[in-house]
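Engineer: need coordinates for the below:
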Amino acid sequence: MDQEEKTVKKKREIVVPGEIIVSGDEFLPGDGTERDGKDIVSKRYGLSDESGRLVKIIPLSGVFTARRGNVIIGRVSDLTFNGWLVDLGVASNGFLPLAECPRYINQNDMAEHFSIDDLMVAKISGVKGRGIDLTIKGRGLGKVEKGIIINVNSNKVPRIIGKEGSMISLIKEKSGCDITVGQNGLIWIKGNKIEDEILAKNAIGYIEEKPFIEGLTDKMEGWFKEEKK
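Structural biologist: As a prediction, the model looks like this:
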């Protein structure tokens, strides 16, 4: 592969299984890719992403795969004697033990803190078998109050967040909203006005519909200018 062809490959964001993304011994295969001789080849349909030497694929479809450290948004589905069962929108339920709350909670007062159908922002502390352990010890974790919740495909989350948080920071700045993105595809938007929340929601919807566009951050700047006219 000559230099001109390699440049073309770098500009192409959508790739299909078997497609060569880049060529060269200096590149390393990441998630969704594999090495074939000097080539880094896609193993799935999605967006190619190069971070330094590492090449990976951001899938555009599929289901959420729980990983330790992921921040998620879930709905309380039941209370047990020592914690809460949490629906994460996947096959496995999450479980928040009383011990993983930031302060002591009496077993008799559990429903006062989280009752059935309440929403929470939590972090995955462990994944074992079909169970997902949660914690709300940490900044920004806890009960969802006020604002709106939207649902996106979990595989669009990296694009919505952007490199080093650039995209979601832009949306926060332009809408004036606090936004918490759950890796499972639920997003909490909280603003001072419903109009601000709807603006943020529509911006996220724009990204979800056009995740493959090059220069999306610049296009979002233009989108916000048009929306605010």
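Engineer: tabulate the CA atom coordinates of the lengthiest helix in the chain in PDB.
Structural biologist: For the chain, the longest helix by residue count, based on DSSP state H, is helix 194-209. Output in PDB follows, covering the C-alpha atoms of helix 194-209 (Å, rounded to 0.1, in the frame of the first residue of the first chain):
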ATOM      1  CA  ILE A 194     -37.100  22.500  29.400                       C
ATOM      2  CA  GLU A 195     -36.100  24.400  26.200                       C
ATOM      3  CA  ASP A 196     -32.400  23.800  27.100                       C
ATOM      4  CA  GLU A 197     -33.000  20.100  27.800                       C
ATOM      5  CA  ILE A 198     -34.700  19.700  24.400                       C
ATOM      6  CA  LEU A 199     -31.900  21.500  22.700                       C
ATOM      7  CA  ALA A 200     -29.400  19.000  24.200                       C
ATOM      8  CA  LYS A 201     -31.700  16.100  23.400                       C
ATOM      9  CA  ASN A 202     -31.900  17.200  19.700                       C
ATOM     10  CA  ALA A 203     -28.200  17.600  19.500                       C
ATOM     11  CA  ILE A 204     -27.600  14.100  20.800                       C
ATOM     12  CA  GLY A 205     -30.200  12.900  18.300                       C
ATOM     13  CA  TYR A 206     -28.300  14.600  15.500                       C
ATOM     14  CA  ILE A 207     -25.100  12.800  16.400                       C
ATOM     15  CA  GLU A 208     -26.900   9.500  16.800                       C
ATOM     16  CA  GLU A 209     -28.300   9.800  13.200                       C
END
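Engineer: can you mark which positions in that helix are buried?
Structural biologist: 196-201, 203-204, 206-208 (16 or more other Cβ atoms under 10 Å). The way it works is simple: take the backbone N, C-alpha and C, and place the C-beta from them, glycine included.
Engineer: now do that helix, average pLDDT.
Structural biologist: Regarding helix 194-209, the rounded mean pLDDT is 93.
Engineer: which elements pack onto that helix?
Structural biologist: For helix 194-209, the packing partners by 3 or more Cβ pairs under 8 Å, 6 or more residues apart in numbering; DSSP states H and E come out as strand 148-151, helix 157-161, helix 166-175, strand 186-190, helix 216-227.
Engineer: and the angle from it to helix 166-175?
Structural biologist: Using axes from the mean of the first three to the mean of the last three Cα atoms, to 10 degrees, the inter-axis angle of helix 194-209 relative to helix 166-175 is 150 degrees.
Engineer: okay, the angle between helix 194-209 and strand 186-190?
Structural biologist: Using the same axes, to 10 degrees: helix 194-209 against strand 186-190 is 150 degrees.
Engineer: between the helices and strands packed on helix 194-209, which gets nearest to residue 82?
Structural biologist: strand 186-190 (25.0 Å; Cβ to Cβ).
Engineer: grab the nearest non-local neighbour of residue 122.
Structural biologist: residue 134 (4.1 Å; Cβ to Cβ, 6 or more residues apart in numbering).
Engineer: who does the one you found form a beta bridge with?
Structural biologist: Under DSSP bridges, the beta-bridge partners of residue 134 are residue 124.
Engineer: isn't residue 221 right up against residue 167?
Structural biologist: No: contact status for residue 221 versus residue 167: not in contact, 10.9 Å apart, counting by Cβ atoms under 8 Å.
Engineer: of these two, give the one with the bigger neighbour count.
Structural biologist: residue 167 (21 against 12; other Cβ atoms under 10 Å).
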